[in-house]
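Visitor: what follows is a predicted protein model with its sequence.
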Amino acid sequence: MTEVNPSAVRSAVRSATLPIGLPAMLPTPMRIKRRMRDTPDTFTIVLDVPQPPFVLEAGQFNMLYAFGVGEVPISISGVSKNGGELVHTIRDVGTVTHALSLLRKDGVVGVRGPYGRGWPLEAARGKDVILAAGGIGLAPLRPAIRHVLDHREEYGRVVILYGARTPQDMLYLPEIQKWRGRLDTKMSVTVDRASRKWLGNVGVITQLVAASRVDPDETIAMVCGPEIMMHYMQIHLAKLGLPNDQIYVSMERNMKCAIGRCGHCQYGGDFICKDGPVFTFDEIADRFRVRAL
Amino acid sequence: METSSVGNTNTGSIHVLAAADLSALLEAIVAEGYRLVGPRIRNGTAVLDEISGAAQLPRGYRDSQRPGEYRISANGSGETNAGRYFDYVVGPTSVKRFLYPPRRKVLEAERSGGQWKITEPADDYPPTAIVGLRSCDLAAVRILDRVLLNDIYPDPVYAARRKATLMIGVDCAHPSETCFCTSMGGGPSVESGYDLNLTELGDGATHRFLIAAGSDRGEKLMASLRLSTATSDDLAAGAAQRKSAEAALAQNPPMQDAREVLANAWNSTRWDSIAQRCMACANCTMSCPTCFCVDIEDETDLTGEHADRWQTWDSCFTMGHSYVHGGAVRKETTSRYRQWMTHKLSSWHDQFEMSGCTGCGRCITWCPVGIDIREELAAIRTDQKTDVPEAAQ
Amino acid sequence: MKTLSIKDLLGRTDFARGMSADDIEFLSGCASFARFSRGEFMMLAGDPCDHFYLIREGKAAVEVESGNQVSVIYAPSPGDIVGWSWTMPPSVCRYDVRVMDSVSAIDFDARCVLRKCEEDNRFGYHVYKRILEVVIERLMATRVQMLDMYS
């Protein structure tokens, strides 16, 4: 059995001395410890890391392998403090994600990663932070939110914004309630539509931006959601005074290899898998003006 | 990297190999343990394939290539080239087929009772000598090296195949109408990347080769051959042949500005006009010696407990290439052609600090409707120039 | 005293941003304070739209009843303007606005504001520009909601 310690892969990449012959394409089998249903089409699995710790940057992704079906890139939505548990939130929308949705506790998932460039948690230190997620975009952003809240004293004002389709489509409700309860953080949630039972905001996430009391010169915004949502967020963050190089977004394209070789995730001159998935809006602003890129 | 010692330009002296001794060269290569690959006629084209020796080379053949058109025949031009081995240029296959094969098993997985065993199958690629590589083929190898070797995750199989491949170059004497290597900064003669290089000169009684080594492996092979030192007449004949090949290529439009022109052409209306002709057949990408996109698919046996993962050449012209949940990003041919050409000539520079194009012309010849990227680039450039107010925005 | 304090408050709102002191004074002449408790309706679809509100505290819900279902389409919160149908005839409210958390608001007499807009078109231009900004923002938000972008 060939085992790859993903954290070894990561450190090898960082030091740019990855030896030829390293089996970068080999998944490590990991057992499902727990499985939760988040929304009607979205579920979360907690994987048992065989050789902890699993070291990652918030915002990176793994390739998850459903045996015999194939691989799919899924952002990492959490890791336990000791690096022994890996959390992925997955939406059942394709062949591979559907196969993964059928797995239960003790089922096995192949994992290789982590890959890509994550959120700018270092660059944001000492600054105000806006963390804005739309829909399932909360999953890739959650490690960044957790990091900021766990190191709260290292950041200025912290504003968390979350937009979902309906109250029933919101992820991680218990955790969101904890975030909302904090006195050192401003957390606002809005939904596109709701019944009368919902007492929170109804509207779009961009409408929450104006009330963020941040210092625009000293603020980093991290935005994750559908492309159109990120695009509109940039417009509203710009109104607040944030320049594009302080706005970070996470992009998505087809991915087969995650190591810059299969060519599918090209986005202009970048490969989402190795140059992203997180980019400053500055880096890609022009591409938002091109259709079907 | 090991490969840097392979195929660098070597200033080793130029010798003359008698035409009759080409066989001796190929035999010496085989004696070294190499499988021999070279051009041979198949389905009316000169393809790179296994050959048994010089007798299988398309001796006396000339080709004629135009947008959407390829012809090759023995002495078809009526010129007195009978007996020359390499008077045609590149066919539909390229060196990529050998170094980065169209389909390869990359993984085997076995499952029993919750235990997985995952292995990478050994690659079976014998030491291979490819004879008759042109400057554009060797340029393609340089580009593939950058993409597959000199990036953060080098491809170990490519690396091994690259090392196990002996490159025998040949200078082009008769570029075709679709060739534009010099527009991309190379050719028509081989300048680097070879182990051995041949310049075919004369015919009949004067038929001979200039031969030069570009690596230790090449030097070693040369040492085993009966050679004479090249005279100033031999060198002059080589230079004259090169000059005439260059003259044939001089009609090509300049393309040095391709990167800038295309970087600003995402919203050009020319893409719509191309898309009306383009059939999205993917021939350009399949024949391109540098297109590296691959699909990765799993196959299981009937029990479902054994899975093979295959890596297969893919093309940005397929709908599946840009698939994300909910559908393809590039649904229309407009955006797919734009992706291909812009990547090849422009964004490749952003990714790999070089162009992805060698000027081999395969995408022009093998396009069923004869779309010519030289012309399309010129058209886009003209549109930009006549559209100054927009460009100035 | 009360009028003065409305003027002061108005002067600090986004709604009055860029208006001259005279204009703000002019506008506050049409304004008063209002409070609504939870469950109360600030507006009802079909009623004449002769008031609009600038919410200072609390939260309301713009609701529409369709079939047997009530949907919330927007939830105005502090800083939001509620009501713009008064700007054009027939000046009839289009939606129900129900209070979710007790609302304290500046209550504008729309007929009074309209009269002043007619008398002083320069003032009217300022007021309509601000209302248009609100309308554009809501329209854009509604279009994004229509996209159902998280589906």
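Guide: Arrived safely, thanks for sending. Residues are numbered from 1 along each chain as shown, chains lettered A, B, ... in the order given.
Visitor: quick check: domain ranges of the chain?
Guide: Since no chain was named, I'll use chain A. As recorded under automatic domain parsing, the domains making up chain A are A:6-115, A:128-289.
Visitor: please refer instead to chain B.
Guide: Using automatic domain parsing, the domain parsing of chain B gives B:7-102+B:120-249, B:258-293+B:316-391.
Visitor: relative to C:Asp47, which of these is closest?
Guide: With Cβ to Cβ, the closest approach to C:Asp47 among these belongs to domain B:258-293+B:316-391: 42.6 Å. Using the backbone N, CA and C atoms, a C-beta is placed for each residue, glycine as well.
Visitor: distance of A:Pro191 from chain C?
Guide: Check again: residue A:191 is Val, not Pro. 9 Å (Cβ to the nearest Cβ, to the nearest Å).
Visitor: using CSV, write out every CA atom in the helix or strand hosting A:Lys33.
Guide: A:Lys33 belongs to strand A:28-39 when assigned by DSSP states H and E. Provided in CSV are the C-alpha atoms of strand A:28-39 (Å, rounded to 0.1, in the frame of the first residue of the first chain):
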residue,chain,number,x,y,z
THR,A,28,-4.6,8.4,0.8
PRO,A,29,-7.6,6.4,1.9
MET,A,30,-9.3,8.0,4.9
ARG,A,31,-12.2,6.6,7.0
ILE,A,32,-15.3,8.6,7.6
LYS,A,33,-15.7,9.2,11.4
ARG,A,34,-18.8,11.2,11.3
ARG,A,35,-21.3,12.3,8.7
MET,A,36,-23.9,15.1,9.0
ARG,A,37,-26.6,16.4,6.6
ASP,A,38,-26.4,20.2,6.4
THR,A,39,-29.2,20.9,3.9
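Visitor: next secondary structure element downstream of that strand?
Guide: strand A:42-48.
Visitor: any idea of the angle that following strand forms with strand A:28-39?
Guide: Interaxial angle, strand A:42-48 versus strand A:28-39 (axes from the mean of the first three to the mean of the last three Cα atoms, to 10 degrees): 150 degrees.
Visitor: ok, and for strand A:42-48, which residues are buried?
Guide: A:42-47 (16 or more other Cβ atoms under 10 Å in any protein chain shown).
Visitor: any buried residues in the next helix or strand after it, and which?
Guide: The element immediately downstream of strand A:42-48 (helix or strand, assigned by DSSP H and E) is strand A:61-66. Buried residues in strand A:61-66, counting neighbours by 16+ other Cβ under 10 Å, are found at A:61-66.
Visitor: looking at the domains of chain A, which has the lowest confidence?
Guide: Per-stretch mean pLDDT for the domains of chain A is lowest at domain A:6-115 (a mean of 84).
Visitor: that one and chain C, are they touching?
Guide: No - using Cβ under 8 Å from any Cβ of the partner chain, domain A:6-115 never reaches chain C; the gap is at least 9.8 Å.
Visitor: starting at the chain centroid, how far to that domain?
Guide: 13 Å (Cα atoms, centre = their mean, to the nearest Å).
Visitor: go on, stretch B:38-55?
Guide: 16 Å.
Visitor: quick one on the thing from earlier: who are the packing partners of the strand holding A:Lys33?
Guide: For strand A:28-39, the packing partners by 3 or more Cβ pairs under 8 Å, 6 or more residues apart in numbering or on different chains; DSSP states H and E come out as strand A:42-48, strand A:85-91, strand A:108-115, strand B:115-119.
Visitor: and the helices in chain A?
Guide: A:6-14, A:95-101, A:138-150, A:173-181, A:227-240, A:272-275, A:281-284 (DSSP state H).
Visitor: for chain C, what lies in contact range of chain A?
Guide: Applying Cβ under 8 Å from any Cβ, one finds that chain C approaches chain A through C:59, C:61-63, C:69-75, C:77, C:79, C:100-101, C:137, C:140-141, C:144-145, C:147-151.
Visitor: what's the ChimeraX syntax to select whichever of those are buried?
Guide: Buried subset of the residues of chain C next to chain A, written as a ChimeraX selection, criterion 16+ other Cβ under 10 Å:
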select /C:59,61,62,63,72,73,74,75,77,100,137,141,144,145,149,150
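Visitor: mind listing what's buried along the lengthiest strand in chain C?
Guide: Ranked by number of residues, the top strand in chain C under DSSP state E is strand C:51-66. For strand C:51-66, burial by neighbour count (16+ other Cβ under 10 Å) applies to C:51-56, C:58-63.
Visitor: could you identify the helix or strand that succeeds that strand?
Guide: Next element after strand C:51-66 (DSSP H and E): strand C:69-74.
Visitor: so what's the gap between the helix or strand that that next one is followed by and the chain middle?
Guide: Using DSSP H and E, the helix or strand that directly follows strand C:69-74 along the chain is strand C:81-82. Using Cα atoms, centre = their mean, the mean C-alpha position of strand C:81-82 is found 2 Å from that of the whole chain.
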